[in-house]
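> any chance you can model this:
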Amino acid sequence: IYMKKNYMVDTSHKHWNDNFKDMVKNIRTVFEAFPDVKGLIHTPSYKASLELELALKGTGRIMVHDARNFAEVLEKFYQDPKPKVLLSPICQQGVDFKYDRARFQIVLRVPYLNTSSKFVERKVKKDFSWYNHQAMVIFGQQIGRINRADNDEGVTVLMDSRFPGFIAKNRTKFPKWLLDAIIKD
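Next up is the predicted model:
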């Protein structure tokens, strides 16, 4: 798990547009490090997936889905022998990228739930620990998408500059193996 400053920018909703070009540059750097294997990018929304698809279309590696064609695109991704990269806001759980299905992944944002939902907004105000716990669960699921067995290998790159604070704040709640796997500057 790479949590290196040179790959990080603030990818929060508030700063997404301000840091978009730097984020795309960092994604391209990761692509260059993994030119011949498949990858997964955990995007924060379908809209973000489309923005990144446009910004990265010259790479020839991007696959993206919408809410209606996920299963079809996922199967095409699995079957394609080329080193494609799937952009998805919904691959944090229940999807298997074992072995050569993906050898790297990028987690673009600390996976806090969207506060535009009235329910989530109320929960955040009443019980921030619940909100934080939800992000920890999603993050744990994201980390596990590409490493599915003891002999499986894959690299995770954390791109949100808020990850160091998130990890530090929750250090005692994360398993030791996860903390030991983080490579910093």
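> who's sitting farthest from the centroid in the protein?
Distance to the chain centre peaks in the chain at residue 126, reaching 27.7 Å (criterion: C-alpha atoms, centre = their mean).
> gap between it and residue 97?
Distance of residue 126 to residue 97, given as C-beta to C-beta, to the nearest Å: 36 Å. (Each C-beta comes from the backbone N, C-alpha and C, glycine too.)
> swap in residue 62?
From residue 62 across to residue 97, the span is 16 Å (C-beta to C-beta).
> neighbour count: these two, which is higher?
Higher neighbour count among residue 62 and residue 97: residue 97, with 25 against 19, using other C-beta atoms under 10 Å.
> returning to what we had before: phi, psi of the residue farthest from the centre of the chain?
The phi and psi values for residue 126, taken as degrees, to the nearest 10, are phi -90, psi -30.
> all helices for this structure, in order.
16-33, 46-56, 70-79, 118-126, 128-143, 163-169, 176-181 (DSSP state H).
> out of these, nearest to residue 112?
With C-beta to C-beta as the measure, helix 128-143 is the member of these nearest residue 112 (4.7 Å).
> hmm, who's touching that closest one?
1, 42, 92-93, 105, 107, 110-113, 120, 123-124, 156, 166, 169-170, 173-174, 178 (C-beta atoms under 8 Å, 6 or more residues apart in numbering).
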